[in-house]
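>>> how does the following fold in three dimensions:
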Amino acid sequence: MQRKTEGGAETGRLRERKEPAKESDHCRDVSGGSLARADSDKEQQLRQEDAEFTSLKVSWEKAKFRLRLLEGHSDIVTCVVAVDNLVVTGSRDTTVKVWHVPTATEHKNLGGHTGGVTCLSAPPPECCKRLARSLSLSDKERFILSGSADCYVKIWALSIGQCVKSIYTFNAVTALCFVPEEDGYIVTGSDGGKVQAWSWHTFENCQSINAHQEAVTSIQSQGPLVFSGSAEGGVSVWENWCSDRDPLRLLHHWSGQVTGCGGGPGGRLTLSPRGDRVLLAYGRAWLKILHWRTGAMSRLTNHSSITGVTDCVHQTAGLLIGSCYDLANGESTLNLFSLPQCRYLASLTWPGAPRILCFAAWTTGSGDHRWVTGGHDLIVWEQLPVSGKQRGDVTAKRDSRLDSLLESEGDTEDDEESDDYEDDDDKYEGKDGRTDNAEDGGSGSWLRCILQ
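Down below sits the predicted model:
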């Protein structure tokens with residue numbers, strides 16, 4: 001009996017040792033099943049994204065636009081913004097003009113600058129309302145900011161067509177943006193590389209920073225962040241602390257050695273931020289994408305030949321739009337890519353298309369696109385129904401050589417330095433990654449190209 005009991009006890013112990021093994025096998029089955037389902041879900045998501053991309057690509061291959069020429073400027077149009085049904089443009093002829101889009105007619109001519117107008121910005125309605133009340137104007141008044149080589153920033157009331165405030169900056173203004181945080185700030189860039197902040201409440205200077213080695217050619221805001229790009233190819237990222245003095249704190253500075261944008265033709269870099277990435281156009285056949293937190297760079301082909309130059313980049317309604325001009329044959333196109341994947345959709349062109357230096361876009365209530373392009377000509381683009389009988393003025397085509405995906409440009413020593421910097425206790429002491437290899441006179445060449 002004792003043996004049987006011992007045997008039974010032994011059998012029980014063997015059973016106990018086997019049971020965990022079965023449980024472990026079960027866990028492996030569950031884990032393997034989860035992984036399989038995850039892979040299946042990912043494949044299904046990729047198939048869905050491919051189907052959506054194919055549908056979008058087909059729709060843009062059939063896209064039709066009517067083009068209308070806006071005549072009035074006597075020199076190159078350097079900047080353009082859209083406000084409601086109005087388009088506002090600035091030109092080397094020193095004027096700011098307001099256009100009524102539905103009728104394609106000049107609405108107002110705003111004269112007052114004595115140098116070429118280089119940049120424009122439109123504060124949001126809520127910020128305009130505060131200023132309008134202080135000036136005893138209608139709450140619906142909209143304002144436009146213009147910057148010029150004459151060292152002035154002017155604030156224009158659109159309904160009355162008058163300058164309500166002039167700010168002397170002591171430097172030729174080459175870029176500006178409006179930051180709506182708190183009471184609002186105007187941020188300007190100069191031909192000497194200086195970035196300045198101005199109070200929207202008092203119009204007084206809050207901060208002046210020698211931020212770049214050469215001309216600041218582009219400034220854009222994204223929430224509390226401000227991005228500045230310069231002729232030597234450097235990009236700086238600032239955070240707005242919303243203080244009365246020194247509101248901008250440097251988060252990162254990436255030099256032209258990191259971005260690879262130094263020494264481009266004309267020394268002009270334009271940028272467009274999107275989340276953790278900044279899209280860069282710098283007068284070459286590619287668009288660059290800077291991951292501004294790490295300094296990692298990617299490249300997107302925007303022209304099939306090295307003779308192509310990219311002058312501006314813009315984002316609108318799920319589209320990335322890059323202008324492209326071929327120096328060899330004079331052909332001009334707009335290349336469309338899907339966002340956020342940056343996959344090539346189509347190219348739009350028309351006979352005798354001029355070089356495009358600036359771009360504005362919005363969508364109508366029905367979802368149709370309205371664009372305005374500026375340069376030697378100022379043109380309104382009106383999207384037409386695909387099913388309509390009216391013929392479009394624009395040819396949509398595809399260049400399979402632009403189908404290549406984003407190309408990573410790899411890590412650099414500068415990237416590694418940036419990673420070390422991010423671990424620093426004082427996160428606002430930005431890394432100065434400036435390069436000494438930038439061409440002399442870069443800012444001068446940019447000003448000669450755009451202003452003279």
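
>>> got a list of what the nearest residue to residue 402 once chain neighbours are set aside touches?
Once flanking residues are discounted, residue 402 sits nearest to residue 344: 4.4 Å by C-beta to C-beta, 6 or more residues apart in numbering. (C-beta placed from N, C-alpha, C; glycine too.) Residues in contact with residue 344 (C-beta atoms under 8 Å, 6 or more residues apart in numbering) are 335-337, 398-399, 402-403.

>>> against residue 181, how distant is the residue nearest to the spatial centre of the chain?
In the chain, the centroid-proximal residue (C-alpha atoms, centre = their mean) is residue 272; its distance is 1.2 Å. Using C-beta to C-beta, to the nearest Å, we find residue 272 at a distance of 20 Å from residue 181.

>>> can you flag which of the contacts of residue 344 belong to strands?
335-337 (DSSP state E).

>>> and of the contacts of residue 344, the nearest to residue 355?
Distance to residue 355, by C-beta to C-beta, is smallest for residue 335 among the contacts of residue 344, at 14.2 Å.

>>> the closest one: neighbouring residues, count only.
Using other C-beta atoms under 10 Å, residue 335 has 25 neighbouring residues.

>>> do the one 5 residues further on as well
Applying the criterion other C-beta under 10 Å, we find 12 residues in the vicinity of residue 340.

>>> isn't it up against residue 276?
No. Between residue 340 and residue 276 there is no contact under C-beta atoms under 8 Å: 10.8 Å.

>>> remind me which residues of this protein are low pLDDT?
Flagging of the chain using pLDDT under 70 yields the residue ranges 1-33, 263-266, 405, 410-452.

>>> what are the ranges of the helices in it?
Counting by DSSP state H, the chain has helices at residues 2-61, 125-134, 256-259, 413-422, 442-450.

>>> only alpha carbons, please: show the second one as CSV.
The C-alpha trace of helix 125-134 is given here as CSV (Å, rounded to 0.1, in the frame of the first residue of the first chain):
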residue,chain,number,x,y,z
PRO,A,125,-8.9,86.6,-37.2
GLU,A,126,-8.8,86.4,-33.4
CYS,A,127,-5.6,88.4,-33.4
CYS,A,128,-6.9,90.9,-35.9
LYS,A,129,-10.0,91.5,-33.8
ARG,A,130,-7.9,92.8,-30.9
LEU,A,131,-6.0,95.2,-33.1
ALA,A,132,-9.1,96.3,-34.9
ARG,A,133,-10.8,97.3,-31.6
SER,A,134,-7.7,99.3,-30.5
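
>>> packing partners for it?
Where contact means 3 or more C-beta pairs under 8 Å, 6 or more residues apart in numbering; DSSP states H and E, helix 125-134 is packed against strand 143-148.

>>> make it 6 Å
Under the contact definition 3 or more C-beta pairs under 6 Å, 6 or more residues apart in numbering; DSSP states H and E, helix 125-134 sits against no other helix or strand.

>>> just give me the neighbour total for the closest residue to residue 226 other than its chain neighbours.
The shortest distance from residue 226 to any non-neighbouring residue, by C-beta to C-beta, 6+ apart, is to residue 238 (4.3 Å). The number of residues packed near residue 238 is 28, by other C-beta under 10 Å.

>>> bridged to residue 238, which residues?
residue 226, residue 250 (DSSP bridges).

>>> gap between it and residue 278?
From residue 238 to residue 278 the distance is 13 Å (C-beta to C-beta).

>>> coming back round to it: got the contact list for the residue nearest to the centre of the chain?
279, 313, 315 (C-beta atoms under 6 Å, 6 or more residues apart in numbering).

>>> list the contacts for the last one?
Remark: with contacts taken as C-beta under 6 Å, 6+ apart, residue 315 is in contact with residue 272.

>>> so which of the contacts of residue 272 is the closest to residue 161?
Checking the contacts of residue 272 one by one against residue 161 (C-beta to C-beta), the nearest turns out to be residue 315, at 30.3 Å.

>>> which residue packs closest to residue 406, ignoring adjacent ones?
Here the residue nearest residue 406, using C-beta to C-beta, 6+ apart, is residue 298, at 4.5 Å.

>>> now do stretch 389-406: distance to the chain's middle.
In terms of C-alpha atoms, centre = their mean, to the nearest Å, the centre of stretch 389-406 is found 22 Å from the chain centre.

>>> now do the end-to-end distance for it.
One end of stretch 389-406 to the other measures 38 Å (C-alpha to C-alpha, to the nearest Å).

>>> please identify the buried residues of that stretch?
392-396, 402 (16 or more other C-beta atoms under 10 Å).

>>> before we move on, what about stretch 76-93?
Neighbour-count burial for stretch 76-93 [16+ other C-beta under 10 Å]: 76-83, 86-93.

>>> quick one: end-to-end distance for it.
7 Å.

>>> next: stretch 186-200.
Termini of stretch 186-200 sit 6 Å apart (C-alpha to C-alpha).

>>> before we move on, what about stretch 221-232?
20 Å.

>>> got a list of what residue 183 touches?
Residue 183 touches 200-201, counting by C-beta under 6 Å, 6+ apart.

>>> please read the previous query as pertaining to residue 96.
Contact analysis of residue 96 by C-beta under 6 Å, 6+ apart lists 90, 110, 117, 146.

>>> now do 7 Å
Residue 96 makes contact with 88, 90, 110, 117, 146, 156, according to C-beta atoms under 7 Å, 6 or more residues apart in numbering.

>>> and it, what are its bridge partners?
So, taking DSSP bridges as the rule, residue 96 has residue 90, residue 110 as bridge partners.

>>> now, which of the ones in strands among the contacts of residue 344 sits nearest residue 55?
Of the ones in strands among the contacts of residue 344, the one sitting nearest to residue 55 (C-beta to C-beta) turns out to be residue 336, at 14.3 Å.

>>> just checking, that closest one touches residue 346?
Yes. Between residue 336 and residue 346 there is a contact at 5.3 Å, judged by C-beta atoms under 7 Å.

>>> which neighbours do the two share?
Shared contacts of residue 336 and residue 346, counting by C-beta under 7 Å, 6+ apart, come down to residue 60.

>>> and those two? Which one has more around it.
residue 346 (23 against 20).

>>> my read: the more buried one touches residue 398, true?
Yes. Shown here, residue 346 and residue 398 form a contact pair, counting by C-beta under 7 Å, at 5.5 Å.

>>> how about the contacts made by residue 173?
Residue 173 neighbours (C-beta under 7 Å, 6+ apart): 118-119, 147-148, 151, 153, 188, 190.
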